[in-house]
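**Q** Turn this into a model:
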Amino acid sequence: MQTTSINRCAWAGSDPLYCAYHDQEWGVPVHDDRLLFEFLTLEGAQAGLSWITILRKREGYRRAFAAFDPEAVARFTDAELICLASEESIVRNRLKIASTRDNARAFLSVREEFGSFDAYLWRFVDGLPLQHARRSLSEVPASTAVSDLLSRDLKKRGFRFVGSTICYAFMQAVGMVNDHTVECFRWAELGGNIGENL
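**A** Now for the predicted structure:
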């Protein structure tokens, strides 16, 4: 994987894992429920930590949480959650671990109500990614009115570790917003257009 000589968002740095995530996943619209549950879980786990830490533990999370099958995670027992708290391949925070089961159960309730979590989620942006024209990382907000709304609604439905900042990071990751900066090669590939955004 080439990590230099092309323009990327500054946050991607030069770590090959980070660059691969930036180039292939971040900001790409996601409509698969299992992958949406994965990103929601990982973004909650990231709270207070660096994203590269979570990326390095991603395979551990997949093993620990049944490849992010929400039905399987919703059935985890208290004993299984306690065991996960000693699992070195994930973040060993008991509250975050327990929240994953709570979120899986809430996720299934949303899916039952709306047909899919995807259908529920993308309503917040009218089904299309919000296109931005950020010139630098400093222009990217930590949260927005839309992430505030999503956070409030998720909390009302029983989700945990879904504050507005986490929700906005989630929205960026799953392509609900295009926050690649304008000099980044991915910005235009994902629909950025200077004429439409200025």
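**Q** Tell me which helix or strand comes right after the longest helix seen in the chain.
**A** Among the elements of the chain assigned as helix by DSSP state H, the one spanning the most residues is helix 94-114. Moving toward the C-terminus from helix 94-114, the next helix or strand (DSSP states H and E) is helix 117-122.
**Q** Just the buried positions in stretch 59-69, please.
**A** Tyr61, Arg62, Ala64, Phe65, Phe68 (16 or more other C-beta atoms under 10 Å). Where C-beta positions appear, they are placed from N, C-alpha and C, glycine not excepted.
**Q** can you pull the contacts of the nearest residue to the fourth one once chain neighbours are set aside?
**A** So the one you mean is Phe65. Of all residues not flanking Phe65 in the chain, Val73 sits nearest, at 5.4 Å (C-beta to C-beta, 6 or more residues apart in numbering). Val73 makes contact with Phe37, Phe65, Ala66, Thr100, Arg101, Ala104 under the criterion C-beta atoms under 8 Å, 6 or more residues apart in numbering.
**Q** and if you look at Arg62?
**A** Arg62 sits in contact with Glu38, Phe68, where contact means C-beta under 8 Å, 6+ apart.
**Q** related to what we said a few turns ago, look at the residue nearest to Phe65 and give its secondary structure.
**A** helix (DSSP: H, G, I helix; E, B strand; the rest coil).
**Q** where's it relative to Ile97, distance?
**A** Separation of Val73 from Ile97 (C-beta to C-beta, to the nearest Å) stands at 11 Å.
**Q** And stretch 93-104, what's buried?
**A** In stretch 93-104, counting by 16+ other C-beta under 10 Å, buried: Asn93, Lys96, Ile97, Ala98, Ser99, Thr100, Arg101, Asn103, Ala104.
**Q** Would you map the helices across this protein?
**A** Using DSSP H, helices in the chain cover 16-24, 33-46, 51-56, 58-64, 70-74, 78-84, 94-114, 117-122, 145-156, 164-173, 185-189, 194-197.
**Q** Let's have these in JSON lines, adding mean pLDDT and distance to Glu139.
**A** Below are these laid out as JSON lines (pLDDT from 0 to 100; distance: least, C-beta to C-beta, whole Å):
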{"stretch": "helix 16-24", "mean pLDDT": "97", "distance to Glu139": "17"}
{"stretch": "helix 33-46", "mean pLDDT": "98", "distance to Glu139": "21"}
{"stretch": "helix 51-56", "mean pLDDT": "96", "distance to Glu139": "19"}
{"stretch": "helix 58-64", "mean pLDDT": "98", "distance to Glu139": "28"}
{"stretch": "helix 70-74", "mean pLDDT": "98", "distance to Glu139": "35"}
{"stretch": "helix 78-84", "mean pLDDT": "97", "distance to Glu139": "38"}
{"stretch": "helix 94-114", "mean pLDDT": "98", "distance to Glu139": "30"}
{"stretch": "helix 117-122", "mean pLDDT": "98", "distance to Glu139": "24"}
{"stretch": "helix 145-156", "mean pLDDT": "98", "distance to Glu139": "16"}
{"stretch": "helix 164-173", "mean pLDDT": "98", "distance to Glu139": "13"}
{"stretch": "helix 185-189", "mean pLDDT": "96", "distance to Glu139": "13"}
{"stretch": "helix 194-197", "mean pLDDT": "54", "distance to Glu139": "12"}
